[in-house]
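**Q** kindly generate the corresponding structure for this input.
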Amino acid sequence: MKKPLGDHELDLLRFVADHEPCTVRQVSDSYGAAAGLARTTVLTVMERLRGKGYLVRSNGEGAFLYRAAESKGEVMRDVVGQFVRRTLGGSVSPFVAFLAESDQLSDEEIQQLRDLIKRFEAENPSLV
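**A** Modelled structure (predicted):
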C-alpha cells in the first residue's frame, strides 16, 4: 500500500498525469505559478511523489522527465481506498449512502456504478 497523498500532492500528480512527460520547470511554470508555488516547492513535492511511488523519473535532454507511475484511474482508486480506510474506518457504507443521495451524479456515472455492481455480483456470487 502506498503512502497517503496530501491535497497539493494529489493536485500536482493530476497535473503531471495530464501533461506527461514533463519537467520540473514545465510543472512549475504552469501548475506552480497558478498555485503560487515556488519552483523549489514544486521540485520537493514531485520528489516526494516519486519517493511514494506515484511518479517515475527518466533522463530527458538536459532535464529529468516525470510521468505518473500508474494511470489516473489506478491513482484515484488508491486515493479512494485511502479515504475509506482513514476517514471511514474501512466501511464503504457511508460512501455508498453519499452516492445514493447525491444529485450531482451524471447519467453516465450512474451507469458506471450499475456496471460495477453487475461485475461485482458476477465475480462474487457467494456474496450476493
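**Q** show the end-to-end separation of stretch 62-70, please.
**A** 25 Å (Cα to Cα, to the nearest Å).
**Q** what mean pLDDT would you report for that stretch?
**A** Mean per-residue pLDDT for stretch 62-70: 94.
**Q** might you calculate how far it sits from the centre of the chain?
**A** Relative to the chain's own centre, stretch 62-70 is displaced by 16 Å; criterion: Cα atoms, centre = their mean, to the nearest Å.
**Q** and it, what's buried?
**A** The neighbour-count check on stretch 62-70 (16 or more other Cβ atoms under 10 Å) flags 64-66, 68-70 as buried. C-beta: built from backbone N, CA, C; applies to glycine.
**Q** hmm, Leu88 and Pro94 touching each other?
**A** Yes. Contact criterion Cβ atoms under 8 Å: Pro94 and Leu88 qualify, at 5.3 Å.
**Q** could you dump stretch 14-29 to PDB, C-alpha only?
**A** Output in PDB follows, covering the C-alpha atoms of stretch 14-29 (Å, rounded to 0.1, in the frame of the first residue of the first chain):
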ATOM      1  CA  ARG A  14      -3.100  15.000 -11.600                       C
ATOM      2  CA  PHE A  15      -1.400  17.800 -13.500                       C
ATOM      3  CA  VAL A  16       1.600  15.600 -14.300                       C
ATOM      4  CA  ALA A  17      -0.700  12.800 -15.400                       C
ATOM      5  CA  ASP A  18      -2.500  15.200 -17.800                       C
ATOM      6  CA  HIS A  19       0.700  16.700 -19.200                       C
ATOM      7  CA  GLU A  20       3.300  13.900 -19.100                       C
ATOM      8  CA  PRO A  21       6.100  13.600 -19.700                       C
ATOM      9  CA  CYS A  22       7.100  16.900 -18.100                       C
ATOM     10  CA  THR A  23      10.000  18.600 -16.400                       C
ATOM     11  CA  VAL A  24      10.000  20.300 -13.100                       C
ATOM     12  CA  ARG A  25      10.300  23.700 -14.900                       C
ATOM     13  CA  GLN A  26       7.200  22.900 -17.000                       C
ATOM     14  CA  VAL A  27       5.200  21.900 -13.900                       C
ATOM     15  CA  SER A  28       6.500  25.000 -12.100                       C
ATOM     16  CA  ASP A  29       5.700  27.400 -14.900                       C
END
